[in-house]
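**Student:** Kindly return the folded structure for what I paste below:
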Amino acid sequence: MLAIIIPFYKLSFFKATLQSLANQTNQRFNVYIGNDASPENPKPLVEKFDKQLNLRYIEFKNNLGKTSLTKQWERCIDLVEDEEWLMVLGDDDCLGEKVVEEFYKAHTEFKSKTNLFRFATQMIDQSGTAQSKVYEHPTWEKASRAFYRKHEGKTRSSLSEYVFKKEEYLKYKFTNYPLGWHSDDKAWIDFSEELPIHTINNAHVFIRLSKESISGKNDNLDLKRQAASRFYEYLVKEIRDEFTEDQQAEIVKSYFERTVMLRNFSFNEWTFLWQFYLKNSSHLSFKKFLKISIKSIFKNKKNY
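**Tutor:** Below is the predicted model:
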C-alpha cells in the first residue's frame, strides 16, 4: 500500500494539492498530513476532502521546519501505519491524475528490482501554468548518475516526485542539511542501495515554483551554500568512486569552490585537494585552484 505524506505549512496552494489526490484514478493510498504549527489553518479544507480521501490530519504544537525541515518530514512520516511505500508531497505540488495508477502498474512488475520509483515532472507557476518542459528520465538509472545529470543542469529533481520503500528509509532517514537543500539528493543515493531508480514517464508530478517556495526564494542563499558544501563533501569523501574520472574532477572542483569561502579546510583536506588537483587538473585549472587556496589561507590567518 502507498502512503502519501504532506508536511503542511502553507495554505496558498493546498487546495490544488488535495484536489489532485481526489482526482486520482486509483484511490488505493492513504494520506497523512502533519501541520508544522502553521499560522494558517487548513482544517476546514481538510474536512472538505475527508469523505473523498482516506486521510489522517495531525497538528503539531511546535514548529520544526524553521530549524530542521528534514525533522519535520520525518515526524510526518512517523504518522504512517503499515504502508510499505512512501511519497512525501509538497503542500504546493500536485499529482497528475494517473500517478497512483501508474505506480501500482510499475510496482507489480518491478518492486523486487528497485527501492525507488520516480515520475516525470513539470514546473508550474502560482496559477498552475506550465513554466518548463516535461522532464523525463531514463527508465532505469543509477542514483549517482541521476544526480550528476542534475549537477550538469541537464535535468531537475525534488522530493515530491519520488516513491520510496519505507524499509530503506528507516535504515538511513534524511540527512539534516540546512533548508533540506540536497537532503533529497542524498536520500536517493542512500535509499537506492545500488539498485537503479525506475522512472515512470507516462505520469507527471507538477512542481510549483513560487515566491513562497524554498527554491523560488533568494534570501536564503547562504544556507543553500552551506547545504551544498556539506552534500558535495559527502560525494567526495564517501562515494567519489561511483563517478567517472572526469565526473570526479568536476565533483571535487564543485566541493572546493562551494566550501573554501565558508570554512577552514583541515590539513588532511588540503593535502587531498592539492594532490587531486596536481594529478587531475589542467595547468589552467590548477593555477586557479592555487590562487583561490592561497587567498583563502591568508584570509583565514587574518581571522585568528
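**Student:** So what touches the helix or strand hosting W274?
**Tutor:** W274 belongs to helix 267-280 when assigned by DSSP states H and E. With contacts defined as CB atoms under 8 Å, 6 or more residues apart in numbering, helix 267-280 is touched by 245, 248-249, 252, 256, 265, 285-286, 289, 293. (Each C-beta comes from the backbone N, C-alpha and C, glycine too.)
**Student:** Which of these fall within helices?
**Tutor:** 245, 248-249, 252, 256, 285-286, 289, 293 (DSSP state H).
**Student:** Out of the residues you listed, which end up buried?
**Tutor:** Among the ones in helices among the contacts of helix 267-280, the ones that count as buried by 16 or more other CB atoms under 10 Å are 248-249, 252, 256, 289, 293.
**Student:** quick one: strands adjacent to whichever strand or helix holds A120?
**Tutor:** Following DSSP H and E, one finds A120 within strand 116-124. Neighbouring strands of strand 116-124 in its sheet, by DSSP bridges, are strand 130-135 (antiparallel), strand 162-165 (antiparallel), strand 197-208 (parallel).
**Student:** on that earlier part again, with pLDDT and distance to I33 added, can I get the ones in helices among the contacts of helix 267-280 in TSV?
**Tutor:** Shown next, in TSV, are those (pLDDT from 0 to 100; distance: CB to CB, whole Å):
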residue	pLDDT	distance to I33
E245	89	46
Q248	92	42
A249	88	44
V252	92	42
F256	90	42
S285	76	49
F286	75	52
F289	81	48
S293	77	48
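**Student:** now these as JSON lines including distance to G34?
**Tutor:** Output for the ones in helices among the contacts of helix 267-280, formatted as JSON lines (distance: CB to CB, whole Å):
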{"residue": "E245", "distance to G34": "44"}
{"residue": "Q248", "distance to G34": "39"}
{"residue": "A249", "distance to G34": "42"}
{"residue": "V252", "distance to G34": "38"}
{"residue": "F256", "distance to G34": "38"}
{"residue": "S285", "distance to G34": "46"}
{"residue": "F286", "distance to G34": "49"}
{"residue": "F289", "distance to G34": "45"}
{"residue": "S293", "distance to G34": "45"}
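**Student:** the strands in this protein, which residues?
**Tutor:** Secondary structure of the chain (DSSP state E): strands at 2-8, 29-35, 55-59, 85-88, 94-95, 116-124, 130-135, 140-141, 162-165, 197-208.
**Student:** okay, the residue lying closest to D82 once chain neighbours are set aside: pLDDT?
**Tutor:** Nearest non-adjacent residue to D82, counting by CB to CB, 6 or more residues apart in numbering: M1, 7.2 Å away. Here, the pLDDT recorded for M1 equals 95.
**Student:** so how far is S254 from M1?
**Tutor:** According to CB to CB, to the nearest Å, M1 and S254 sit 39 Å apart.
**Student:** More neighbours: the two, which one.
**Tutor:** Shown here are M1 and S254; by other CB atoms under 10 Å, S254 has more neighbours (17 against 12).
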